[in-house]
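> okay, here's the prediction I keep looking at, along with the sequence it came from:
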Amino acid sequence: MNKKITNKIIKLLKEAKKASYELTKLSSDKKNEILRSMSQVLSADKALIIEANKKDLIIAKQKKLSNAFIDRLTLTDKRIESMAKSLSDLANLEDPVGSIIKEYSRPNGLLIKK
């Protein structure tokens with residue numbers, strides 16, 4: 001991979017990490033609103049996503065990547081709808097942020113909470 005692409009990927013990853021910190025500050029309702037919005041955009045923009053994916057598939061075939069990799073890379077209406085449904089399902093789950101899911105005491109009296 002060339003250095004320019006590598007630097008671009010690193011920049012995007014740093015921005016994603018920074019954004020993840022901001023997301024932790026949002027209320028459960030706001031996070032769920034975002035998840036549902038993402039789900040709707042995926043469903044609404046399926047044709048555009050599939051068209052862009054075709055370019056990725058051409059490059060993957062040119063690079064002679066494995067058929068298994070190309071299959072995982074291939075987006076279809078069904079796969080995109082599955083992603084959209086997963087986002088919607090996630091929005092319907094209870095937000096675990098701030099919840100205690102397990103608590104126990106160590107022999108030395110230290111209280112451990114997850």
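Received, thanks. Numbers count the residues shown, from 1 in each chain.

> quick one: the helices in this protein?
Along the chain, the stretches classed as helices by DSSP state H are 3-23, 28-44, 46-62, 67-73, 77-91.

> so which of the ones you listed gets nearest residue 97?
Closest approach to residue 97 among these (CB to CB): helix 28-44, 7.5 Å. Quick note: C-beta positions are derived from backbone N, CA and C, even for glycine.

> other SSEs contacting the closest one?
Helices and strands touching helix 28-44, by 3 or more CB pairs under 8 Å, 6 or more residues apart in numbering; DSSP states H and E, are helix 77-91.

> okay, the helix it packs on in PDB with CA atoms only?
C-alpha atoms of helix 77-91 as PDB (Å, rounded to 0.1, in the frame of the first residue of the first chain):
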ATOM      1  CA  ASP A  77     -29.800  -5.700  -1.600                       C
ATOM      2  CA  LYS A  78     -30.200  -8.600   0.900                       C
ATOM      3  CA  ARG A  79     -26.900  -7.900   2.700                       C
ATOM      4  CA  ILE A  80     -27.500  -4.100   2.900                       C
ATOM      5  CA  GLU A  81     -31.000  -4.700   4.300                       C
ATOM      6  CA  SER A  82     -29.500  -7.100   6.800                       C
ATOM      7  CA  MET A  83     -27.100  -4.400   7.900                       C
ATOM      8  CA  ALA A  84     -30.000  -1.800   8.100                       C
ATOM      9  CA  LYS A  85     -32.100  -4.300  10.200                       C
ATOM     10  CA  SER A  86     -29.100  -4.900  12.500                       C
ATOM     11  CA  LEU A  87     -28.800  -1.200  13.200                       C
ATOM     12  CA  SER A  88     -32.500  -0.900  13.900                       C
ATOM     13  CA  ASP A  89     -32.400  -4.000  16.200                       C
ATOM     14  CA  LEU A  90     -29.400  -2.400  18.000                       C
ATOM     15  CA  ALA A  91     -31.400   0.800  18.600                       C
END
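
> and that helix, which residues are buried?
Neighbour counts using 16 or more other CB atoms under 10 Å place 80, 83, 84, 87, 88, 91 of helix 77-91 among the buried residues.
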